[in-house]
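A.B. asks: Here you go, sequence then predicted model.
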Amino acid sequence: MADTKEHFWDPVAGFGVTFRTMFKKVVTEQYPFEKKATAPRFHGRHQLNRWPDGLEKCIGCELCAWACPADAIYVEGADNTADERFSPGERYGRVYQINYLRCILCGLCIEACPTRALTMTNEYELADNNRADLIYEKNDLLAPLLPGMEQPPHPMRLGDDDGAYYRGLGASTRDTDEGEVPA
Ligand code: SF4
Ligand code: SF4
């Protein structure tokens with residue numbers, strides 16, 4: 001008899017849950033039509049940064065690759081020359097790849113980078129329908145050229161010497177082999 005009573009009230013209890021839920025705030029997210037902002041320090045896609053004159057901050061040292069626990073980074077450095085300068089130092093990253101099939105977005109690589117060339121953005125849409133497109137090349141990772149920046153290769157445009165350049169003491173007024181330094 002007790003069993004029959006319990007079974008009688010089961011559907012009523014079930015509909016009660018449904019009825020209560022109808023008045024709760026809807027939590028459905030409309031992604032990808034409505035994208036939510038991430039936390040400011042969210043670890044998303046990497047970015048290879050530039051100096052204010054457009055030269056690349058990466059010096060091709062490979063420290064990021066060595067720090068990576070997932071073996072997701074591949075770097076090949078090369079020498080800058082008098083005719084072709086990509087970074088202000090002796091070396092630059094000629095080849096730079098990050099394999100997002102391996103990357104766990106842990107951030108150890110950006111901690112290892114001595115020049116702050118490598119940082120992480122908040123971009124999290126890193127899916128694709130084939131493996132090859134998830135290996136990002138240097139051109140996919142380089143920061144965009146902002147106003148006042150120049151596409152490398154070009155000579156160092158900031159300051160009269162290396163010290164002034166790295167301390168960000170502003171644009172120099174000296175002439176370079178490519179003409180007047182931009183203000
Ligand atoms: S975020 Fe972590 S896993 Fe991804 S490339 Fe950097 S060190 Fe490697
Ligand atoms: S991103 Fe940083 S750590 Fe990696 S090769 Fe370039 S300078 Fe070195």
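C.D. replies: Thanks, I have the structure now. Ligands and ions are numbered 1, 2, ... in the order given.

A.B. asks: what's downstream of the lengthiest strand in the chain, the next helix or strand?
C.D. replies: Longest strand in the chain, counting residues (DSSP state E): strand 91-99. Note on strand 91-99: by DSSP states H and E, the next helix or strand toward the C-terminus is helix 108-112.

A.B. asks: Could you measure from residue 22 over to residue 16?
C.D. replies: Residue 22 is 11 Å from residue 16, where distance means Cβ to Cβ, to the nearest Å. (Glycine included, C-beta is placed from N, CA and C.)

A.B. asks: What residues does this structure have near ligand 2?
C.D. replies: Residues of the chain found near ligand 2 (Cβ under 6 Å from any ligand atom) are 58-64, 75, 93, 112-113, 115, 117-118.

A.B. asks: okay, and the common contacts of residue 22 and residue 16?
C.D. replies: Common neighbours of residue 22 and residue 16 (criterion: Cβ atoms under 8 Å, 6 or more residues apart in numbering): none identified.

A.B. asks: Which of those two has more residues huddled nearby?
C.D. replies: Taking neighbours as other Cβ atoms under 10 Å, residue 22 and residue 16 compare with residue 16 leading, 11 against 7.

A.B. asks: Looking at the more buried one now. What's its pLDDT?
C.D. replies: Looking at residue 16, its pLDDT is 90.

A.B. asks: do residue 159 as well
C.D. replies: 82.

A.B. asks: likewise residue 170?
C.D. replies: On the pLDDT scale, residue 170 gets 64.

A.B. asks: Same check on residue 178?
C.D. replies: Residue 178 is given a pLDDT of 35.
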